[in-house]
Each structure stands twice: as structure tokens, then as C-alpha cells.
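Colleague: Sequence first, predicted model second:
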Amino acid sequence: MLDADTTALLRAVLDEVCENVSRYETLARTHVASKILEAATSGETSAANLKQVGRKALSDAPTMWR
């Protein structure tokens, strides 16, 4: 289980990485969130590294428009 500070960090990273992604693009946002969470649960706590993980995930994310 993640503590409140880590959860807040993950939420902030997700919001920043997906700032140009519609809230309705749930496939893409879910994919990015899962990759960020996976990195965090593996011990990654650096905001910069989590953003990098998120950006990579976003570039690979499925969308409903493809």
C-alpha cells in the first residue's frame, strides 16, 4: 500500500503527463496510470523518473481513435 504522499505524487505526475489528454480517453489515461503505479511499486519515487515513465507510456497508449 502506498502512503498519502506517494499517492499525491502519482496523481500529480499523471495529471501533468496527461494534461493534453481528454478525461474521456480512459484507455490512454488508464495505461499511463498503470505504468506509473507499476514503477512506484517497484521503488521508483523520483518525480522526474515517474514523469519519464508516464510519457513513454503515453506514447505507447491505446486510444479509441486508432
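Modeller: Happy to help now that I have it. What you see is a predicted model; the values in this text were computed from it and never measured. Residues are numbered from 1 along each chain as shown.
Colleague: Quick one: list the elements packing against the helix or strand where residue 8 lies.
Modeller: Here residue 8 sits within helix 4-17, counting by DSSP states H and E. Under the contact criterion of 3 or more C-beta pairs under 8 Å, 6 or more residues apart in numbering; DSSP states H and E, helix 4-17 touches helix 26-41, helix 47-60. C-beta: built from backbone N, CA, C; applies to glycine.
Colleague: Just put those in a markdown table and tack on mean neighbour count.
Modeller: What follows is the helices and strands packed on helix 4-17, written out as a markdown table (neighbours: other C-beta atoms under 10 Å):
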| stretch | mean neighbour count |
| --- | --- |
| helix 26-41 | 17 |
| helix 47-60 | 16 |
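Colleague: and residue 2, which of those is closest to it?
Modeller: Residue 2 lies closest to helix 26-41 among the helices and strands packed on helix 4-17, at 6.6 Å (C-beta to C-beta).
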